[in-house]
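K.L.:
prediction below, plus the sequence it came from.
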Amino acid sequence: MGDPARDETPQERADRNWNDLLQELRVSQTGVQLLAGFLATLPFQSRFEVLDDFQRAWYVGLLALAFGTVAVTLAPVAIHRRVFQSDAKPELVQAGHRLTSVALVMIAVLLGGIFFLVVDMVFDRMAAAAAAVGSVVVLAGLLFVLPKRVASTS
């Protein structure tokens, strides 16, 4: 399972993997928390009143998705607090890996949804749909296809 070129015990490998995962989570948590905070302030802006019913519902859905994404990115930390010093680092790393993978999907959907809302406000719904699909395709390429290709060449 591990890299045979490394001279490390399974516990050392789990510690290294956990530290790598934490570095990834620090980046994603900050970005997601900023997005969620930004979305939470939108109703207090003067232009929010011009949103139609569809846009308001879309906004509430995005707000829920943003807060759900924050929760998913925080969950590995909560799990770590619960299993701290219980010799469960390999299980913690696996759970953190799965949650981070879910968070990446949620972040991609969230970004596509935000892009849709902004383009819908600036232009129209058709342009918004095209822009959102394009953004999700780009994000899927960068967040899923590219890492898979890198992994297959290593």
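P.N.:
Happy to help now that I have it.
K.L.:
does T73 really touch G31, like I thought?
P.N.:
No: with contact defined as C-beta atoms under 8 Å, T73 does not reach G31; the gap is 9.2 Å. (Each C-beta comes from the backbone N, C-alpha and C, glycine too.)
K.L.:
neighbour-wise, which of the two wins?
P.N.:
A direct count of neighbours by other C-beta atoms under 10 Å for T73 and G31 places T73 higher, at 26 against 15.
K.L.:
who are the neighbours in contact with that one?
P.N.:
If a contact means C-beta atoms under 8 Å, 6 or more residues apart in numbering, then T73 has L25, S28, Q29, V32, L99, T100, A103 as its contacts.
K.L.:
where's it, which helix or strand?
P.N.:
Using DSSP states H and E, T73 maps to helix 53-83.
K.L.:
contact partners of stretch 25-36?
P.N.:
Applying C-beta under 8 Å, 6+ apart, the contact partners of stretch 25-36 are 63, 66-67, 69-70, 73-74, 76-77, 96, 100, 103-104, 107, 110-111, 114.
K.L.:
try it again at 7 Å.
P.N.:
Under the criterion C-beta atoms under 7 Å, 6 or more residues apart in numbering, residues A66, F67, T69, V70, T73, L74, P76, T100, A103, I107, L110 lie in contact with stretch 25-36.
K.L.:
how about stretch 88-107?
P.N.:
Here stretch 88-107 makes contact (C-beta under 7 Å, 6+ apart) with 10-11, 14-15, 17-18, 21, 24-25, 28, 32, 65, 68-69, 72-73, 75-76, 79-80, 83, 143.
K.L.:
can I get the buried ones among the residues you listed as something I can paste into PyMOL?
P.N.:
Selecting just the buried residues from the contacts of stretch 88-107 in PyMOL takes one command, with 16 or more other C-beta atoms under 10 Å as the test:
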select buried, resi 14+17+18+21+24+25+28+32+65+68+69+72+73+75+76+79+80
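K.L.:
what comes up buried for the longest helix along the chain?
P.N.:
Of all segments of type helix in the chain, defined using DSSP state H, the longest is helix 89-122. Along helix 89-122, these residues count as buried under the neighbour rule (16+ other C-beta under 10 Å): 89, 92-93, 95-97, 99-100, 103-104, 106-117, 119-120.
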